[in-house]
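Student: Below are the sequence and a predicted model; questions follow.
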Amino acid sequence: MTLVGAAIAGDAEDERKDRIMNRIVTAAAATIIAVGIVPAAQAAPRHSSDAPEQPSDPNEKIVCKSFTRIGTLAGRYRTCKTKAEWERERINRRQVNVTDSCGTRYNGPSGSPAPGSPATYDC
């Protein structure tokens, strides 16, 4: 290799080292800035105008629940209601799910209700 070729190869090596050093310095500076900003942002006091509005009644607090769409494993949807609305819905579901099977009303082989019984033909 000639003297000129060695000088060019040395310059290319120096440039590569400079680029690597610049990347390291930039990454370190970005990390220091990020670490310094995050705790400062977390420690900043909230102003009263920034604070979320608190309901006076605990049952008026909004609660969001996520549900899976029927027929898919990945499809989901989110429903938000007040705590009182979720409780009302839970009570309604329990009332609807009460079993009132026709087997408890069956009386006799014909399947018809016994005379004078409160059973009906709605089964």
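Tutor: That came through, no problem. Numbers count the residues shown, from 1 in each chain.

Student: Where do the helices of the protein begin and end?
Tutor: Under the criterion DSSP state H, the chain carries helices at the ranges 3-43, 83-96.

Student: okay if I get the ones you listed as a markdown table plus mean neighbour count, mean pLDDT and distance to Asn59?
Tutor: All C-beta atoms are positioned from the backbone trio N, CA, C, and that covers glycine. What follows is the helices of the chain, written out as a markdown table (neighbours: other Cβ atoms under 10 Å; pLDDT from 0 to 100; distance: least, Cβ to Cβ, whole Å):
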| stretch | mean neighbour count | mean pLDDT | distance to Asn59 |
| --- | --- | --- | --- |
| helix 3-43 | 10 | 75 | 32 |
| helix 83-96 | 11 | 90 | 4 |
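
Student: Can you name the residues that contact Ser66?
Tutor: Contacts for Ser66 (Cβ atoms under 8 Å, 6 or more residues apart in numbering) come out as Arg76, Tyr77, Arg78.

Student: Any idea what it is bridged to?
Tutor: Per DSSP bridges, the residues bridged to Ser66 are Arg78.

Student: And it, how close does it get to Cys80?
Tutor: Using Cβ to Cβ, to the nearest Å, Ser66 is found at 10 Å from Cys80.

Student: Then Ile20?
Tutor: 51 Å.

Student: Wait, Glu89 touches Lys81, no?
Tutor: Yes: if you go by Cβ atoms under 8 Å, Glu89 and Lys81 touch, sitting 7.4 Å apart.

Student: I'd say Lys65 and Arg78 touch.
Tutor: Yes: between Lys65 and Arg78 there is a contact under Cβ under 8 Å: 7.1 Å.

Student: Go ahead and name everything in contact with stretch 77-93.
Tutor: Outside stretch 77-93, the residues touching it (Cβ under 8 Å, 6+ apart) are Pro58, Asn59, Glu60, Lys61, Ile62, Val63, Cys64, Lys65, Ser66, Phe67, Arg69.

Student: Tell me how many other residues surround the last one.
Tutor: Looking back up the chat, that one is Arg69. 10 (other Cβ atoms under 10 Å).
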